[in-house]
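Novice: Let's see this in three dimensions:
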Amino acid sequence: MKNPSLPIFLSRPNLQERDISNLVEVLKSGNLVQGQNVLELERITNNYIDSKSCSAVSNGTASLHLALIALGVGPGDEVIIPALSYIATGNVVELVGATPIFVDVDIDTFNIDVNQIESKITKNTKCIMPVHEFGLCASMEEIMKLSKKYNIPVIEDAACAIGATLNGKFAGTFGDFGSFSLHPRKSITCGEGGLLVSNSVELDDKIKVLRNHGIDLKTTTPKFVAAGYNYRLTDFQAALVLSQFNRIDKIISYKNTLVNYYLDNLRTDIIKLPSEPENYKHTWQTFHILVEKNETRDKLKEYLKMNKVFVNYGAQCIPHMDYYKRKYRYDSEKLFPNALRSFECGLALPLDENLTLNEINYICSLINKFV
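Specialist: Next up, the predicted model:
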């Protein structure tokens, strides 16, 4: 194989000419705020994942925040979340004044351990918020059984998982809400942006009011009916992502090709490779490996950097982060050992639509030679 083009970054968005021309058309029109492109993006999202309603918002964190507010989650309530995720999953619970109740993850999937959820349910549990970590759907069928049994709403943090499925059903469509991110490391992107889907038109109506300063646009004369937020997505952001949506299946398929090449060519005993369970469709937003020790992980990261391959840590053990450790005083090593190990020993390798097999071959050869 040829020498790869260096450096190799963790992720690079693949914006094509059509994506950029869509953006330029909106900029030239002068209609920059929420408009027809936002409406079209919401329509395409519903068609793609078979949801009833969609609201495009300013980012994935805003969509989670709005979902919690729409469900009435607030002070005195508890929200069950996985101990391993991006910090935003915990932060939005704090922002509404509720208490995050952490559950350890399955070390093979990095998703919430469904066998531990029921023991965390109390009379104060107002919501369960599983995360489809790294693009793999959580065990939603079991989670929805608990939701029905205890009459607890579910918000799916599907930030990484647009296009992921479990038994043919799309991530984000199991619970009351499904939240997606349009951050640059996701399969489709507009820099910042979020999509909040629901199968409840009534809940979606609340979101559309809350995202736009509390204005109810369904009345004859628009009325301010709530103390809302400015969580709107701009029309030029929506235009940028629209044509990417047309090739999303191709993007996910290519990522699977790259992942299979990683799996076939990484041959070292110091790492544990991720997997895709049967009946799941993984979007592979992140190819996350586990290195045998924290010190080894950090040395491998620096070794790859010296060879112009840039990697990063995968996700946080949220209760182990300074704010949460200080406030709740959790012993993460005892309570959330899998989440802590995933955080301290995990490494995200380069993976994006621009990556070539030649570049992955170079990365694999470096890791295989690392001692």
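
Novice: pretty sure Thr296 contacts Ile270?
Specialist: Yes: counting by Cβ atoms under 8 Å, Thr296 does reach Ile270; the two are 6.1 Å apart. Backbone N, C-alpha and C define where each C-beta goes, glycine included.

Novice: residue ranges for the strands of the stretch 151-300 of the chain, please.
Specialist: 155-157, 165-166, 169-170, 177-181, 194-198, 215-216, 223-224, 271-272, 280-281, 287-291 (DSSP state E, counting those that start in this stretch).

Novice: Export these to a markdown table and append columns for mean pLDDT, distance to Glu359 and mean neighbour count.
Specialist: A markdown table is the format used below for those (pLDDT from 0 to 100; distance: least, Cβ to Cβ, whole Å; neighbours: other Cβ atoms under 10 Å):
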| stretch | mean pLDDT | distance to Glu359 | mean neighbour count |
| --- | --- | --- | --- |
| strand 155-157 | 98 | 30 | 30 |
| strand 165-166 | 98 | 28 | 18 |
| strand 169-170 | 98 | 30 | 18 |
| strand 177-181 | 98 | 25 | 30 |
| strand 194-198 | 98 | 30 | 28 |
| strand 215-216 | 94 | 48 | 16 |
| strand 223-224 | 94 | 52 | 12 |
| strand 271-272 | 97 | 18 | 18 |
| strand 280-281 | 98 | 24 | 18 |
| strand 287-291 | 98 | 13 | 23 |
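
Novice: quick one: which of these is nearest Asp205?
Specialist: Among the strands of the stretch 151-300 of the chain, the nearest to Asp205 by Cβ to Cβ is strand 215-216 (8.4 Å).

Novice: Can you list the strands that that closest one pairs with?
Specialist: Here strand 215-216 is paired, per DSSP bridges, with strand 223-224 (antiparallel).

Novice: Give me the local confidence score for Met1.
Specialist: Met1 is assigned a pLDDT of 59 by the prediction.

Novice: swap in Val371?
Specialist: pLDDT, Val371: 80.

Novice: for Pro222, same thing?
Specialist: On the pLDDT scale, Pro222 gets 85.

Novice: Count the neighbours of it for me.
Specialist: 11 (other Cβ atoms under 10 Å).

Novice: My guess is Tyr280 contacts Ala138. True?
Specialist: No: judged on Cβ under 8 Å, Tyr280 makes no contact with Ala138 at a distance of 10.0 Å.

Novice: in the stretch 1-150 of the chain, which segments are predicted with low confidence?
Specialist: Residues of the stretch 1-150 of the chain meeting the criterion pLDDT under 70: 1.

Novice: Can you show me the strands along it?
Specialist: Under DSSP E, counting those that start in this stretch, the stretch 1-150 of the chain gives strands at 53-57, 78-82, 84-85, 99-103, 125-128.

Novice: Check the gap between the nearest residue to Tyr261 once chain neighbours are set aside and Ile318 for me.
Specialist: Of all residues not flanking Tyr261 in the chain, Ile360 sits nearest, at 5.1 Å (Cβ to Cβ, 6 or more residues apart in numbering). Separation of Ile360 from Ile318 (Cβ to Cβ, to the nearest Å): 31 Å.

Novice: These two: which is more packed in?
Specialist: Ile318 (28 against 24).

Novice: so how many other residues sit close to the residue nearest to that one when sequence neighbours are not counted?
Specialist: Nearest non-adjacent residue to Ile318, counting by Cβ to Cβ, 6+ apart: Gly90, 4.3 Å away. The burial count assigned to Gly90 is 23, neighbours taken as other Cβ under 10 Å.
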